[in-house]
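1. A structural model of the following input is requested.
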Amino acid sequence: MATVRSIRAARAEPVSLHTHAMDNLRLIRETMERAGSFTAVPGWGGVAMGISALAAAAIASRQPTLERWLATWLLEAAFAMVLAVLAIKRKANAAKGPLFSAPARRFVLSFAPPLLVGGLLTAVLYRAGFPAAIPGAWLLLYGTGVVTGGAFSVRVVPVMGLCFMSLGAVALFCPFAWGTTFLAVGFGGLHLAFGIVIARRYGG
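-> This is a model prediction of the structure:
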């Protein structure tokens, strides 16, 4: 005896297949986004940050007191942050991609904690009377942030972070008088060198 099929059931099947296919496409897209690299690290922004750091080093070297030296570098850090955000936004817009993609959020969440620790340690070292350790701590913690955040970016970014960490490790064991030079080489020279590489190889 022949089986009678419901016409409504037969028509409903393509709808469920379509829904299933859309769910699969959404899953694939989200998986690719989670696995993607944060390629909006700004190369030219790094170059601009390097130039501003070299200018800050020249100004800091002429300051008569530790407080004014610290103020110079803290102002430079705030200015560099503004430059970085503007450069990331510009690069993301040029690539027609979202500014706060999943890889970008992971980059920021990995990069920010070492910087916060650096701010706290700066206050502690200053109050304890150990200014000689400040340049090394800055370079080490900034490099740590770049390495951890760079795990979600292109390979050259964590390499840059390791260079910052190596320079900071040396700076920790050197006198404070050399601090400005170490900061100029790190925040100035390394940003310039790696910024040019990133700009040329990864779209600006």
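2. any regions of the protein where pLDDT drops low?
-> 1-40, 95-104 (pLDDT under 70).
3. ranges for the helices of it?
-> 7-35, 43-60, 66-94, 102-128, 134-150, 156-171, 179-183, 191-201 (DSSP state H).
4. quick one, which of the ones you listed is packed in tightest?
-> Sort these by mean neighbour count, taking mean count of other Cβ atoms under 10 Å, and helix 134-150 sits at the top with a mean of 23. The C-beta positions use only the backbone N, C-alpha and C, and glycine is treated the same way.
5. quick one: that one to helix 102-128, angle?
-> Put simply, helix 134-150 runs at 170 degrees to helix 102-128, going by axes from the mean of the first three to the mean of the last three Cα atoms, to 10 degrees.
6. relative to the whole chain's centre, how far out is helix 134-150?
-> 11 Å (Cα atoms, centre = their mean, to the nearest Å).
7. cool, and stretch 175-183?
-> With Cα atoms, centre = their mean, you get 24 Å for stretch 175-183.
8. contacting residues around it?
-> The list of residues contacting stretch 175-183 from outside it, by Cβ atoms under 8 Å, 6 or more residues apart in numbering, reads 53, 57, 60-61, 69, 73, 131-132, 134-136, 138-139, 167-168, 170-171, 174.
9. now with 7 Å?
-> Ala57, Ala60, Ser61, Trp73, Pro131, Ala132, Ile134, Pro135, Trp138, Leu139, Leu167, Ala171 (Cβ atoms under 7 Å, 6 or more residues apart in numbering).
10. what do you get for stretch 58-70?
-> The contact list for stretch 58-70 (Cβ under 7 Å, 6+ apart) reads Thr72, Trp73, Tyr126, Pro131, Thr180.
11. Val41 against Ser153, yeah?
-> Yes: if you go by Cβ atoms under 7 Å, Val41 and Ser153 touch, sitting 5.3 Å apart.
12. between the contacts of stretch 58-70, which is nearest Pro114?
-> Nearest to Pro114 out of the contacts of stretch 58-70 is Trp73 (Cβ to Cβ; 16.7 Å).
13. quick check, the closest one in contact with Ala55.
-> No: in this structure Trp73 lies outside contact range of Ala55 using Cβ under 7 Å: 11.6 Å.
14. how far off centre is stretch 133-152?
-> The answer for stretch 133-152 is 10 Å, by Cα atoms, centre = their mean.
15. show me what contacts Leu121?
-> Contacts of Leu121 (Cβ under 7 Å, 6+ apart): Ala137.
16. one more time with 8 Å
-> Ala137, Leu141.
17. from Ile134, how far out is it?
-> Using Cβ to Cβ, to the nearest Å, Leu121 is found at 8 Å from Ile134.
18. leaving out chain neighbours, which residue sits closest to Thr72?
-> Ala60 (4.3 Å; Cβ to Cβ, 6 or more residues apart in numbering).
19. mind checking how far the one you found is from Trp178?
-> 13 Å.
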